[in-house]
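Colleague: curious how this folds, go ahead:
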Amino acid sequence: PLAAAPVEVPAEIKPQALADAARSGDPAAFFEIGSVYTEGRGVAADLAKAAQWYQRAADAGLTPAEYRLASLYEKGSGVPRDAVKARALYEQAATKGNASAMHNLAVLLASGSAVTPPDFTAAAKWFEKAAELGVRDSQFNLAILYARGNGVPQNLEASYKWFAVAAKEGDADAGAKSEEVAKTLSA
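Modeller: Below is the predicted model of the structure:
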């Protein structure tokens, strides 16, 4: 088999151990260099360069890189805006258990786009997975879907439960919503 070509690492990347790890093809080092460029740690912040390094890490299957790259494509930060790529990358990361990717994928599914209608059933599935992993915004959104019967059968008890869980996690709006739903429930 052919050996992979060594990775060129800009001289500005420090410490040397990080640069050496990236040169040897370490996906975690690729991700860290992406973070360095995202945050501007010791280098000028550059989201286009960050995206290149996240892409290398994502190509190697690194879940956090898939999530970060998806976010860049969703927002068009450092790369052209591309909802299709964002969705595919979020789905890869979500399938591997990344709770934030689950939430963002669910938001994309619930929102739909100019070419695809909202898919509340798929959104509810991902909101529920993220909600169970403690993502407060997913808990809130899942409660809304249960209250309206979007993608799931209307279930005010489930709506109340998820609003109450989100409220317990500190979401003030969820507290008010859970009280509204509670008024419609029997003892």
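Colleague: can you name the element that comes right after the helix or strand hosting A93?
Modeller: Using DSSP states H and E, A93 sits in helix 83-95. As assigned by DSSP H and E, the chain's next helix or strand after helix 83-95 is helix 99-111.
Colleague: and the closest residue in space to K85 that isn't next to it in sequence, how far from A124?
Modeller: Nearest residue to K85, sequence neighbours excluded (CB to CB, 6 or more residues apart in numbering): Y73, at 4.5 Å. Placement of C-beta: from N, CA and C, glycine included. Per CB to CB, to the nearest Å, Y73 is found 24 Å from A124.
Colleague: what segments of this structure are helices?
Modeller: Here the chain has its helices, by DSSP state H, at 16-23, 27-39, 47-59, 63-75, 83-95, 99-111, 120-132, 136-148, 156-168, 172-184.
Colleague: for the nearest residue to V43 once chain neighbours are set aside, what are phi and psi?
Modeller: Excluding its sequence neighbours, the residue lying closest to V43 (CB to CB, 6+ apart) is E12, at 5.0 Å. Dihedral pair for E12: phi -70, psi -10, per degrees, to the nearest 10.
Colleague: retrieve the pLDDT associated with E12.
Modeller: What the model reports as pLDDT for E12 is 92.
Colleague: do the same with A182
Modeller: For A182, pLDDT reads 82.
Colleague: what number of residues lie near the closest residue in space to it that isn't next to it in sequence?
Modeller: Leaving out its chain neighbours, the residue that sits closest to A182 by CB to CB, 6+ apart is Y160, at 5.8 Å. Per other CB atoms under 10 Å, the neighbour tally for Y160 reads 21.
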